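Asker: Have a look at this prediction, sequence included:
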Amino acid sequence: MLSKRRRLDVLPVELAGRIPQEIFDIIIRTVPDFHTARSCSLVCKAWSSTCRLRFFSQATLDRDYIDFLAKAGENILPCIRSLNVESEYKILLNLREDHCKKMLSLVPRMSRLTSLELVGCHDAEIARQFSAKLGANVELTTLKLGMLSIVSLEECLKCVGFFGPGLQRLELGFVAGAGMSLGDEVCLMDPVLLKLATVNINPCSVPMLHWLASSRTSIRSCKLYWWATRVEDLSALEAFTNVENLTLHFRSFDPSYRSLDQALGPFPKLKTLFIELSREDPGKDYVAASLGDAGHGVPWYIAFLSGAVSTLSCLTLQIFFRSEQELDRMEWGLLNDLLRQLPAYAALEELCFQVRWPYPPEEADRWIRSRVDVPRSNFKLKVERCW
């Protein structure tokens, strides 16, 4: 027997005209089907304007799109909120001079622009020109600089300074020269009063953290990649005491550093923690590595996690395992005791293992679940495969 479906009547025209345009805007923004949203743009001018904000809120500039915006830009440029120049490495070097001038001439009309991503710039000049074209009417909140061939940390930070104190999110990725240690030179640079809430830096350096000290009270989310560095350099993070979400990616560090159990002490407001260790040296066993005599053989990850002073809600560990035998060398008993007994993990809601694993993911899930024992009803264990 077929179930009877409830009949839905069409909304009367006199009521439809009384619905605020903001309601239609919300509905159009949440329509999952692109073709349906495109049909909505043909209904009326008001709906068309809302659809343009959805279709063109993100733009990636290459030669063809620059030419397109130059012809049809009057209705589209004010809709752009996130601008990417350009995802291909060093694309700016391949643009003809007339395209560069045309691209910069479009920027002042992007009145709603809040996010800018520059990829492949050959120096800080393009950042300075973008900043000058944006002017005082547009205030960026997100700046992403990636794969820039910049010769020094000073020039890299000068790029950031061009965009002023309105930035809330800063991402620096694979900036050549940004990992260079300049010693006291960074203290001689003109300070920029930033009020950042989120930083994502790869690779990270101690001078860069010192430069970011003006945002030490405002930063809430921090993702740092440490390349070939000492773990004791983490002491540069001690000024960022309001961090709530911390992600640390270590590469080629020495796990025998004896103060590792104090690394999380400066973060009394920490809620989520993500720890990842890339295995750069296949001959070194980072899973079984301990702190030596001073740590009484305690594995580095146990010592690190034992230093948490805040109540964490989410913990993610990303570790490379090559076999079940290597998985067994991890101190699961100590990890379980830490999660059950330490006050920082008493309210832990989620423990996630992101595993670099050469076997089917379901095997890693089964093996890890058989080793983790945290008997709490609100506790969720996740096992994810990463690359």
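Answerer: Noted; the coordinates are in hand.

Asker: give the contact list for residue 166.
Answerer: Counting by CB atoms under 8 Å, 6 or more residues apart in numbering, residue 166 touches 139-141. Bear in mind the C-beta positions are built from the backbone N, C-alpha and C, glycine included.

Asker: try it again with 10 Å
Answerer: 114, 138-141, 143, 194-195 (CB atoms under 10 Å, 6 or more residues apart in numbering).

Asker: so which of those is the most crowded?
Answerer: Among the contacts of residue 166, residue 143 has the most neighbours (other CB atoms under 10 Å), with 25 neighbours.

Asker: what helix or strand does it sit in?
Answerer: Using DSSP states H and E, residue 143 falls within strand 142-146.

Asker: partners of that strand in the sheet?
Answerer: If you go by DSSP bridges, strand 142-146 pairs up with strand 115-119 (parallel), strand 169-173 (parallel).

Asker: Kindly reformat those strands as JSON lines containing mean neighbour count and mean pLDDT.
Answerer: Converted to JSON lines, the strands paired with strand 142-146 look like this (neighbours: other CB atoms under 10 Å; pLDDT from 0 to 100):
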{"stretch": "strand 115-119", "mean neighbour count": "20", "mean pLDDT": "85"}
{"stretch": "strand 169-173", "mean neighbour count": "19", "mean pLDDT": "87"}
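
Asker: can you list these in a markdown table and add distance to residue 333?
Answerer: A markdown table is the format used below for the strands paired with strand 142-146 (distance: least, CB to CB, whole Å):
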| stretch | distance to residue 333 |
| --- | --- |
| strand 115-119 | 46 |
| strand 169-173 | 39 |
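
Asker: So which of these is nearest residue 313?
Answerer: For residue 313, the closest of these is strand 169-173, at 22.0 Å, according to CB to CB.

Asker: which residues touch that closest one?
Answerer: 114-115, 117, 119, 140-148, 150, 156-157, 159-160, 163, 178-179, 194, 196-204, 208, 212, 215, 219, 221, 223, 225.

Asker: Inside strands: which ones of those?
Answerer: Mapping these onto strands (DSSP state E) picks out 115, 117, 119, 142-146, 198-202, 221, 223, 225.

Asker: close enough to count as contact, residue 51 and residue 75?
Answerer: No - counting by CB atoms under 10 Å, residue 51 does not reach residue 75; the two are 11.3 Å apart.

Asker: Between the two, which is the more surrounded one?
Answerer: A direct count of neighbours by other CB under 10 Å for residue 51 and residue 75 places residue 51 higher, at 22 against 11.

Asker: and that one, that one's in a helix?
Answerer: Yes - the assignment for residue 51 is a helix, going by DSSP: H, G, I helix; E, B strand; the rest coil.

Asker: if we can go back for a sec, can you give the distance of the strand holding residue 143 from its chain's centre?
Answerer: 11 Å (CA atoms, centre = their mean, to the nearest Å).

Asker: which parts of it are buried?
Answerer: The neighbour-count check on strand 142-146 (16 or more other CB atoms under 10 Å) flags 142-146 as buried.

Asker: As CSV, those with distance to residue 345 and pLDDT would be great.
Answerer: Formatted as CSV, these follow (distance: CB to CB, whole Å; pLDDT from 0 to 100):
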residue, distance to residue 345, pLDDT
142, 33, 92
143, 35, 90
144, 34, 87
145, 36, 82
146, 35, 75
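
Asker: Which one of these is nearest to residue 242?
Answerer: The nearest member of the buried residues of strand 142-146 to residue 242, counting by CB to CB, is residue 142 at 19.7 Å.

Asker: With adjacent residues omitted, what lies nearest to that closest one?
Answerer: residue 115 (3.8 Å; CB to CB, 6 or more residues apart in numbering).

Asker: Would you agree the one you found is in contact with residue 81?
Answerer: Yes - between residue 115 and residue 81 there is a contact at 6.4 Å, judged by CB under 10 Å.

Asker: Give me the common contacts of those two.
Answerer: Counting by CB under 10 Å, 6+ apart, the shared contacts of residue 115 and residue 81 are 57-58, 141-142.

Asker: Out of those, the closest to residue 362 would be?
Answerer: Proximity of these to residue 362 was ranked by CB to CB; the top entry is residue 58 with 35.9 Å.

Asker: wait, what's in contact with that closest one?
Answerer: Here residue 58 is in contact with 79-84, 115, 117 (CB under 10 Å, 6+ apart).

Asker: Who wins on neighbours among those residues?
Answerer: residue 80 (25 neighbours).

Asker: That residue and residue 24, how far apart?
Answerer: From residue 80 across to residue 24, the span is 22 Å (CB to CB, to the nearest Å).

Asker: and what of residue 73?
Answerer: In this view, residue 73 and residue 24 are 25 Å apart by CB to CB.

Asker: ditto for residue 248
Answerer: From residue 248 to residue 24 the distance is 45 Å (CB to CB).

Asker: Ok, residue 244 next?
Answerer: From residue 244 over to residue 24 the distance is 36 Å, taken as CB to CB.

Asker: and what of residue 12?
Answerer: Taken as CB to CB, the span from residue 12 to residue 24 is 16 Å.

Asker: And those two? Which one has more around it.
Answerer: residue 24 (17 against 9).

Asker: quick one: the more buried one and residue 40 touch, right?
Answerer: Yes - Residue 24 is within contact range of residue 40, at 8.6 Å (criterion: CB under 10 Å).

Asker: between those two, what contacts are shared?
Answerer: Counting by CB under 10 Å, 6+ apart, the common neighbours of residue 24 and residue 40 are 47, 50.

Asker: Next, the distance between the ends of stretch 326-344.
Answerer: In stretch 326-344, first residue to last residue: 28 Å (CA to CA, to the nearest Å).
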